[in-house]
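In: Provided below for reference: sequence and predicted model.
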Amino acid sequence: MARPPVLTPQADDFPRWYQDVLTKAELADNGPVRGTMVIRPYGYGIWERMQSEVDRRIKAAGAENAYFPLFIPQSYLTREAEHVEGFSPELAVVTHAGGKELEEPVVVRPTSETVIGEFMAKWVQSHRDLPLLLNQWANVVRWELRTRVFLRTSEFLWQEGHTAHATEADAAAYALRILHDVYRDFMVNVLALPVLIGRKTRQERFAGATNTLACEAMMGDGKALQMGTSHELGQNFAKAFDITYQDAEGTQQTAWTTSWGVSTRMMGGLIMGHGDDAGLRIPPKVASVQVVVLAIRDDPAVLAAVARISEALEDRGVRVKVDDRTDTSFGRRSTDWELKGVPVRVEVGPRDLENGEVTLVRRDTAEKQQARVVDLPVAVPSLLDLVQGSLLAEATRRRDERTVDVTTVDEAREAAQTGFARIPWATLGEAGEAELANHAVTVRCLQTPAGEVPATEDQPDVMAVVARAY
RNA sequence: CGGGGUGUGGCUCAGCUUGGCAGAGCGCUGCGUUCGGGACGCAGAGGUCGUGGGUUCAAAUCCCGCCACCCCGACCA
């Protein structure tokens, strides 16, 4: 039967597919002010799962949560030269409040290095106060010219970690630890996205950082998305905000700071990293609904079985949703759950039930199987594990198939039209980087041949991964 | 900032050339039949046609101003 597709097929128009799925899966709407977004309950439920997984890892790395103000004195921004230069064009500034013009304009934070630096300076006196490891969950505002829901919005939600250390080595080690133990671990093991890690080039570095580390993922169309960054800030902010301490010998020293963040942009990564023509495919570990138990017909035995099954699964710690809206057709409801990417459906109908069975459907492969009702408490969790693993395997296969090694700038540009290209950094260099930029191709990160973070960009074997990016 | 385009029901849009009762599809409400893969029938609700002015017996439609948004470029990263 030739029905029109539910979504614009990815191969026809990937950006259009993205827009369609945002709406039809009820993830988000555009806000009334240009570039803002409304995150709907289904989308926010996924973000809450992301938050709790990331938060747990941040705490395991020793950082504590705090909260700093949304409003920052404009003068703070100007204290670090590169920082102000990088952020000035995209600041939202409050000039009037309380019915009159303000003495000093107030900036809506685009990031919080400055205000947190100011308070770190107060709190750090002694080497015993270090390291100081802080994190906050907050909204920030950057007045972007081009916006896209989740990927680049005027206001977005994120966590931003800010730490101060006694030595450069300690700061560098911590920035790397966050990249490895918090970001990469979360993205690979929870989001099922096989991210690359590496250093940013000078061109791509955060405004005010001495070194930026990043996680980069490949989307379904072969383009790259920066999923998270971890910065070494050297002593730039410590000097600008006077974060100093007395060392064990009684000498005044300047601290070394880091900052690191992941945002609601990861929602975009999740959508474009796993989605297919039928909709989202949410990995079980971030799914706010892992299993939907769907009553096929309005039948007492069916409804009773649905309630019993969902309770049994909840007892096993599975996040379950019951769909007993039998006044809506079965086809419509299965299509909706596919759009929303719920990893597993348990379809309960009178026919199967006579044999003590139900139908289990995997979202990732669309594969259906019969299962005995009594086996579900064991069968469903193990199927969820299987889906989690196979989404990661599929994304990894795509990334590897679409990554090629090249030796010239021209080849790199060509390869970046469909995926990632790896080229020796010594071959590309900043001149080659600038040439690629003319074709909307950028260096996503610098890596060792083994895919690890290189200590410096000058190592002779460093590889540049280049791609088109969101 | 330069160039192009669009503003009509919740959404997508037609109608404008040639002025004459404000429309379609989807969505929504009710009833019925359906409902193991986007169901169907019937009956409904819902719009100051972006905004201000002008022309006219009559303006969604023609003219002038303004505003907003989108696309391309530039800028930014």
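Out: Right, received. Where do you want to start? Numbers count the residues shown, from 1 in each chain, chains lettered A, B, ... in the order given.

In: in chain A, which residue is closest to the centre?
Out: residue A:266 (2.2 Å; Cα atoms, centre = their mean).

In: just the pLDDT at that one, thanks.
Out: We have a pLDDT of 95 for residue A:266.

In: quick check, it in contact with residue A:227.
Out: Yes. Counting by Cβ atoms under 8 Å, residue A:227 is a contact partner of residue A:266 at 5.8 Å. Where C-beta positions appear, they are placed from N, C-alpha and C, glycine not excepted.

In: where do the contact lists of those two overlap?
Out: Here residue A:266 and residue A:227 have residue A:187 as joint contacts, going by Cβ atoms under 8 Å, 6 or more residues apart in numbering.

In: ok, the longest helix anywhere in chain A near RNA strand B or not?
Out: If you go by DSSP state H, chain A has its longest helix at helix A:376-401. No. Using Cβ under 7 Å from any atom of the strand, helix A:376-401 never reaches RNA strand B; the gap is at least 13.6 Å.

In: cool, stretch A:106-114 as well?
Out: No. On the criterion Cβ under 7 Å from any atom of the strand, stretch A:106-114 is out of touch with RNA strand B, staying 10.6 Å away.

In: what are the contacting residues of that stretch?
Out: Residues contacting stretch A:106-114 (Cβ under 8 Å, 6+ apart): A:68-74, A:76-77, A:79-80, A:83, A:87, A:90-94, A:97, A:115, A:136, A:138, A:140-142, A:160, A:162, A:208, A:233, A:237, A:240-241, A:257, A:259, A:261.

In: what about 7 Å?
Out: A:68, A:70-74, A:76-77, A:79, A:83, A:87, A:90-94, A:115, A:136, A:140-142, A:160, A:162, A:208, A:237, A:259 (Cβ atoms under 7 Å, 6 or more residues apart in numbering).

In: what residues does the stretch 101-250 of chain A put near RNA strand B?
Out: Residues of the stretch 101-250 of chain A lying near RNA strand B by Cβ under 7 Å from any atom of the strand: A:144, A:145, A:146, A:147, A:204, A:206, A:207.

In: just the pLDDT for the second one.
Out: pLDDT for residue A:145: 78.

In: and it, helix, strand or coil?
Out: coil (DSSP: H, G, I helix; E, B strand; the rest coil).

In: contacts only, for it.
Out: Per Cβ under 7 Å, 6+ apart, neighbours of residue A:145: none.

In: point out where the stretch 251-400 of chain A drops to low pLDDT.
Out: Under the criterion pLDDT under 70, no range of the stretch 251-400 of chain A is flagged.

In: ok, which stretches of it are helices?
Out: A:265-274, A:300-315, A:330-340, A:350-353, A:376-401 (DSSP state H, counting those that start in this stretch).

In: how many neighbouring residues does residue A:88 have?
Out: 14 (other Cβ atoms under 10 Å).

In: for it, which non-adjacent residue is spatially closest?
Out: Closest residue in space to residue A:88, ignoring its immediate chain neighbours: residue A:77 at 7.5 Å, by Cβ to Cβ, 6 or more residues apart in numbering.

In: ok, the one you found touching residue A:86?
Out: No. Using Cβ atoms under 7 Å, residue A:77 is not in contact with residue A:86, being 10.0 Å away.

In: so which of the contacts of stretch A:106-114 belong to helices?
Out: A:74, A:76, A:77, A:83, A:87, A:115, A:237.

In: mind listing what the first one touches?
Out: So the one you mean is residue A:74. Counting by Cβ under 7 Å, 6+ apart, residue A:74 has contacts A:93, A:104, A:105, A:106, A:107.

In: thank you kindly, that will do.
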